Structure formats: structure tokens, C-alpha cells
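Asks: give me the fold of what follows.
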Amino acid sequence: MALGIVTRLRPPREAALGTRLAAGAAVLTLLLIAIVLVSLSTGPLDIPVSHVIAIIVEPTGLHLTDYDRTEELVVERIRMPRIVVAALVGMALGVAGATMQALFRNPLADPGTIGVASGGAAAAVIAIATGASSLFFLALPLFALAGAIGTAFLVYAIAIASGRFSVATLILAGVAVSAFMGAVISLVIIAVPEQGALRGILFWLAGGLDSRSWDHVWLSGPLILVGGGVIIAFARDLNLLMMGDDDAGSMGVNVRVIRPMLLTAASLITGVAVAVSGMIAFVG
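Replies: Residues are numbered from 1 along each chain as shown. Presented below is the predicted three-dimensional model:
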């Protein structure tokens, strides 16, 4: 009898939870839209919100109001790419952080736990110091992305070197590799001979979204959306992994496949975020 009561009570409870989640998502979406409009309208050149909305919807053929050509260029070429990159970076680091916390069953875990951010930063610093970052427009973010992904594979290779995967070993390997990459960054900063390169290194390490263009959006957007989509698609398995590998395995989760796949996806989107924004992991 009690079991039947619990069974009958569960659907309304789940429905209420779904309603709260939907309401929360709607509120956050409206808040995001408001923030985007404010960000597009404010700056050295203040643009009325009505003009911003008109510029955004103009490509659809809907003409709401007249606006200046300068306002259009500022919105489309300068402010909009920065805002899109900021949204992508925030989404990537937020999803990656939640994934790391679930995989490691540690609420203090973050995207930098396994040294991905440090690896990307080290590669970017070396590229700036050697002048490789000036080879072509997207050279710097591509170097940073390669360093982040390479670091992720290195840490994972160390974690499975004994033939058996261990979360504790993975975390320790990440801490060690992150410390090593930090030492590499410090060494390059000390040894770099040119003041211009040094300023470039320090400026990049500080992180930022200045000079971001649509090229950065096309570079980061697809990778972040694909990586984040993979993680979201396996959200149920991720929740079960928080109960422990044995319990998750008994409920049908292929732990040996799902864990490294989700870890790779989280590392990928973290690396992409660092590549286009620098060391600003606190966004997530």
C-alpha cells in the first residue's frame, strides 16, 4: 500500500520539478536577452535600444526604424562578436565545470582541475614569445587550443598508465601537469627578451574579449556546441556516475566508455574557451 502511494505521488513531484526548471530557464533566457541588448547599446558610442533591435532584425527584411550606418557597424562588427564569444565561453566553462564536478564527485572541481587551461595558456605564451602567434590571424587561439587538447590527452594517458583508470590518479596527474605548465609560463616570462612580447603575454594571461571578431565565433562556436551537446545528451549517465561507478554500471552505464568520452568533451570545450578568451575560467 505504501509503495503504491509513493508511486502515485512521484509523477506530480516530477511534474512540479519540470515546471520549476522550465520557469527558471525562461527567466534566465529573458535576463540574457536583456543583458545582450544593454551590452549592445552601451559603450563609447551609446546606441538606443530601439536602434539595436532594428539592426538585429534588419536581415530578416523587417525594417523597424531608421538608424545610422556607424551604429550598424559598431553593433555588427565590434559589439556583437564579443557578446557571442562571451556567451559561448560562459556556456562552455559552465557545462565543463558541472561535468568535472559530476565525474570527480567533487563540488570544488572546475574546468582547470586536469590542467587543460594551463596547457592552453602555456602553448599561447610560447607562441607569443616565439612570434608564431603572428603567422596568421587565428594562430594564437589555434596554438592555445592545441596545447589544451594535448594537455588533456597527456593527463589522461598518465592516469591510465597503470592499466586501470582512477579518478584520484587523474586529479593528481592534472595537478602535477598544471603545476608544470605554470612553471613553463613563468620561465618563458622571465626569459622573453622583447618587452612587446612580454606585454602581449601578460595581456593574454589576464584574459579578455577585446578585438574578438566573427572569426573567433566561427572557430569556437561549432566546437563548443558539439562538445556541449554531447555532454547534455549524456546528462542522465552523468547523473548516474555521481552515485559511483559500481552503481552506474549496474544501471546500464558503460563507465569505461562514457567517462573518458565526457571528460574529452569537457576538456575540448574548456580548451576552446581558453583559446578565444584567455585565462578567465571564473566565467564558468
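Asks: and for residue 120, the neighbour number?
Replies: Burial measure for residue 120: 31 neighbouring residues, criterion other CB atoms under 10 Å. Placement of C-beta: from N, CA and C, glycine included.
Asks: in terms of helices and strands, where is it?
Replies: helix 116-130 (DSSP states H and E).
Asks: tell me which residues of that helix come out buried.
Replies: 116-129 (16 or more other CB atoms under 10 Å).
Asks: what's the first helix or strand after it?
Replies: helix 139-159.
Asks: packing partners for that next one?
Replies: In terms of contacts (3 or more CB pairs under 8 Å, 6 or more residues apart in numbering; DSSP states H and E), helix 139-159 is packed against helix 116-130, helix 167-191, helix 214-233, helix 255-277.
Asks: what lies in contact with it?
Replies: 114-124, 126-128, 132-133, 165-166, 169-170, 173-174, 176-177, 181, 204, 216, 219-220, 260, 263-264, 267-268, 270-272, 274-276 (CB atoms under 8 Å, 6 or more residues apart in numbering).
Asks: which stretches of this protein aren't confidently modelled?
Replies: 1-15, 17, 281-284 (pLDDT under 70).
Asks: ok so, going back, can you put the buried residues of helix 116-130 in JSON lines and add distance to residue 64?
Replies: Formatted as JSON lines, the entries for the buried residues of helix 116-130 read as follows, by distance: CB to CB, whole Å:
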{"residue": "116", "distance to residue 64": "44"}
{"residue": "117", "distance to residue 64": "42"}
{"residue": "118", "distance to residue 64": "47"}
{"residue": "119", "distance to residue 64": "47"}
{"residue": "120", "distance to residue 64": "42"}
{"residue": "121", "distance to residue 64": "44"}
{"residue": "122", "distance to residue 64": "48"}
{"residue": "123", "distance to residue 64": "45"}
{"residue": "124", "distance to residue 64": "42"}
{"residue": "125", "distance to residue 64": "46"}
{"residue": "126", "distance to residue 64": "49"}
{"residue": "127", "distance to residue 64": "44"}
{"residue": "128", "distance to residue 64": "44"}
{"residue": "129", "distance to residue 64": "49"}
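Asks: still on that earlier bit, for residue 55, find the nearest of the helices and strands packed on helix 139-159.
Replies: Judged by CB to CB, the one of the helices and strands packed on helix 139-159 that comes nearest to residue 55 is helix 214-233, at 15.1 Å.
Asks: ok and that closest one relative to helix 255-277, angle-wise?
Replies: 160 degrees (axes from the mean of the first three to the mean of the last three CA atoms, to 10 degrees).
Asks: chain center to helix 214-233, what's the gap?
Replies: Centroid displacement of helix 214-233 relative to its chain, using CA atoms, centre = their mean, to the nearest Å, is 9 Å.
Asks: so what does it touch, helix or strand wise?
Replies: Here helix 214-233 touches helix 80-104, helix 139-159, helix 255-277, going by 3+ CB pairs under 8 Å, 6+ apart.
Asks: quick one: closest of these to residue 39.
Replies: helix 80-104 (5.4 Å).
Asks: counting contacts, what elements does the closest one pack onto?
Replies: Identification of packing neighbours for helix 80-104 by 3+ CB pairs under 8 Å, 6+ apart yields helix 2-41, helix 167-191, helix 214-233, helix 235-241, helix 255-277.
Asks: convert the last one to PDB, retaining C-alpha atoms only.
Replies: In PDB, the C-alpha atoms belonging to helix 255-277 read as follows (Å, rounded to 0.1, in the frame of the first residue of the first chain):
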ATOM      1  CA  VAL A 255      31.500   3.600 -17.400                       C
ATOM      2  CA  ARG A 256      34.700   2.700 -19.400                       C
ATOM      3  CA  VAL A 257      33.300   4.400 -22.500                       C
ATOM      4  CA  ILE A 258      31.100   7.200 -21.000                       C
ATOM      5  CA  ARG A 259      33.600   8.600 -18.500                       C
ATOM      6  CA  PRO A 260      36.500   9.300 -21.000                       C
ATOM      7  CA  MET A 261      34.100  10.500 -23.600                       C
ATOM      8  CA  LEU A 262      32.600  13.100 -21.300                       C
ATOM      9  CA  LEU A 263      36.000  14.000 -20.000                       C
ATOM     10  CA  THR A 264      37.200  14.500 -23.500                       C
ATOM     11  CA  ALA A 265      34.200  16.700 -24.400                       C
ATOM     12  CA  ALA A 266      34.600  18.800 -21.300                       C
ATOM     13  CA  SER A 267      38.300  19.200 -22.000                       C
ATOM     14  CA  LEU A 268      37.600  20.200 -25.600                       C
ATOM     15  CA  ILE A 269      35.200  23.000 -24.800                       C
ATOM     16  CA  THR A 270      37.400  24.200 -22.000                       C
ATOM     17  CA  GLY A 271      40.300  24.400 -24.400                       C
ATOM     18  CA  VAL A 272      38.300  26.200 -26.900                       C
ATOM     19  CA  ALA A 273      37.100  28.700 -24.300                       C
ATOM     20  CA  VAL A 274      40.600  29.400 -23.100                       C
ATOM     21  CA  ALA A 275      41.800  29.700 -26.700                       C
ATOM     22  CA  VAL A 276      39.500  32.500 -27.600                       C
ATOM     23  CA  SER A 277      39.300  34.400 -24.300                       C
END
